[in-house]
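[1] the following block contains a protein sequence and its predicted model.
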Amino acid sequence: MPCIYDFKKGFVETELYSMEFIKQKNTGIVLDLRELGKIHWLKDFKELCAYLEEMDLNVKQRDVV
């Protein structure tokens, strides 16, 4: 979910063209686009993806129980 940060409201959903952050819906993890832009190595990107997938699975498993 594309979002921006509002100091009164917190993270607020926005249009793609004005987003500063990406929020993963299932886990609520917020990623700063500036930090994503600092990833230069495929290995680092794959580690981030693996972490997000693991957190997503954890949330889904909690929901099932």
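    Right, received. Where do you want to start?
[2] can you tell me which residues contact the residue nearest to Glu20 when sequence neighbours are not counted?
    Among residues not flanking Glu20 along the chain, Ile4 sits closest, at 5.1 Å (C-beta to C-beta, 6 or more residues apart in numbering). From N, CA and C alone the C-beta is placed, and that goes for glycine too. Ile4 makes contact with 11-12, 14, 18-21 under the criterion C-beta atoms under 8 Å, 6 or more residues apart in numbering.
[3] contact partners of the host helix or strand of Phe45?
    Element membership of Phe45 [criterion: DSSP states H and E] is helix 42-64. The contact list for helix 42-64, computed with C-beta under 8 Å, 6+ apart, reads 24, 26-27, 29, 39.
[4] farthest pair within these?
    Asn26 and Ile39 (21.6 Å; C-beta to C-beta).
[5] what is the most widely separated pair among the contacts of Ile4?
    Using C-beta to C-beta, the contacts of Ile4 reach their maximum pairwise distance at Phe11 and Ser18, which is 13.2 Å.
[6] out of the two, which sits in the busier spot?
    Counted by other C-beta atoms under 10 Å, Phe11 and Ser18 do not tie: Phe11 has more neighbours, with 15 against 9.
[7] which SSE is that one in?
    Counting by DSSP H and E, the element that carries Phe11 is strand 10-13.
[8] CA atoms only: put that strand into CSV for me.
    What follows is strand 10-13 as a C-alpha-only set of coordinates in CSV (Å, rounded to 0.1, in the frame of the first residue of the first chain):
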residue,chain,number,x,y,z
GLY,A,10,0.8,8.7,11.1
PHE,A,11,1.1,6.6,7.9
VAL,A,12,-1.7,7.6,5.4
GLU,A,13,-2.5,5.8,2.2
